[in-house]
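Undergrad: Next comes the sequence, and after it the predicted model I'd like to discuss.
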Amino acid sequence: MLASIFLNKVFLIIVALILTVIGIVFFVVPVMQHWIASVPVWVDFVFFYFIIFGIIEVVLFLLLPMKLKSFRFAMGGTLLIMAFDLVLPSYAVDLSGRILSSETVGYFGSIDYVLAFYWHGLGISGPLLYFCTYVISFAVLLIVALGILGGPAFIKALITVIR
């Protein structure tokens with residue numbers, strides 16, 4: 001029984017992906033720390049969200065039953081994770097609307113920092129920047145994620161509630 005678990009293809013892929021993440025976190029990121037701090041915000045975001053979440057989604061894709069495997073499920077799930085990651089501490093914007101900075105690797109690639117960066121680029125500042133980053137962006141990400149996951153039934157229900 002134990003031998004069949006270790007020879008299981010999915011198990012071997014999961015172990016390989018876990019070792020890859022450990023390698024990225026402990027060896028690649030420290031070496032690239034100065035490069036990561038010097039690149040534009042969107043490159044940081046792509047590096048941390050799509051590489052790390054890409055690995056997580058590959059693992060989930062392998063573990064899910066066949067009927068749940070779809071691009072729609074992957075995109076909706078990623079947006080849902082981004083929405084809830086947005087409201088979890090640590091925050092990149094304080095209540096006065098000041099964008100905070102940190103030397104932590106990946107901080108500039110966090111979803112709230114990226115959204116605050118773009119809201120600020122649209123001319124929004126002060127307490128309204130905090131509101132737009134954490135309330136408006138959360139609502140939009142959540143509605144889009146649920147719309148993708150729920151499909152037409154969710155969109156019809158949302159239109160009914162709005163009317």
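TA: On my side now, so go ahead.

Undergrad: Enumerate every residue touching the nearest residue to residue 110 once chain neighbours are set aside.
TA: Excluding its sequence neighbours, the residue lying closest to residue 110 (Cβ to Cβ, 6 or more residues apart in numbering) is residue 92, at 6.0 Å. (Glycine included, C-beta is placed from N, CA and C.) Contacts for residue 92 (Cβ atoms under 8 Å, 6 or more residues apart in numbering) come out as 99-100, 107, 110, 112-113, 116, 133.

Undergrad: what's residue 92 sitting at in phi/psi?
TA: phi -90, psi -10 (degrees, to the nearest 10).

Undergrad: neighbours around residue 72, how many?
TA: A count of nearby residues for residue 72, using other Cβ atoms under 10 Å, gives 10.

Undergrad: In space, what's closest to it - neighbours in sequence excluded?
TA: residue 148 (5.7 Å).

Undergrad: wouldn't the one you found be in contact with residue 74 here?
TA: No. At 9.5 Å, residue 148 and residue 74 do not qualify as touching, with contact defined as Cβ atoms under 8 Å.

Undergrad: If we go by neighbour counts, what in the strand or helix carrying residue 147 is buried?
TA: Assigned by DSSP states H and E, residue 147 falls within helix 137-150. With burial defined by 16 or more other Cβ atoms under 10 Å, the residues of helix 137-150 counted as buried are 137-138, 141-142, 144-146, 148.

Undergrad: Would you mind identifying the next helix or strand past that helix?
TA: helix 152-162.

Undergrad: what packs against that following helix?
TA: When contacts are defined as 3 or more Cβ pairs under 8 Å, 6 or more residues apart in numbering; DSSP states H and E, helix 152-162 sits against helix 137-150.

Undergrad: Show me what the helix it packs on is packed up against.
TA: Helix 137-150 packs on helix 71-86, helix 111-121, helix 152-162, going by 3+ Cβ pairs under 8 Å, 6+ apart.

Undergrad: Point out the most buried one among those helices.
TA: Stretch with highest mean neighbour count among the helices and strands packed on helix 137-150: helix 111-121 (a mean of 20; mean count of other Cβ atoms under 10 Å).

Undergrad: which strands and helices sit next to it?
TA: helix 41-45, helix 71-86, helix 127-131, helix 137-150.

Undergrad: in stretch 88-99, what counts as buried?
TA: 91-93, 97, 99.

Undergrad: Include pLDDT, secondary structure and distance to residue 127 when you put those residues into CSV, please.
TA: As requested, the buried residues of stretch 88-99 are exported to CSV (pLDDT from 0 to 100; DSSP: H, G, I helix; E, B strand; the rest coil; distance: Cβ to Cβ, whole Å):
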residue, pLDDT, secondary structure, distance to residue 127
91, 81, coil, 13
92, 82, coil, 15
93, 86, strand, 10
97, 86, coil, 5
99, 81, strand, 13
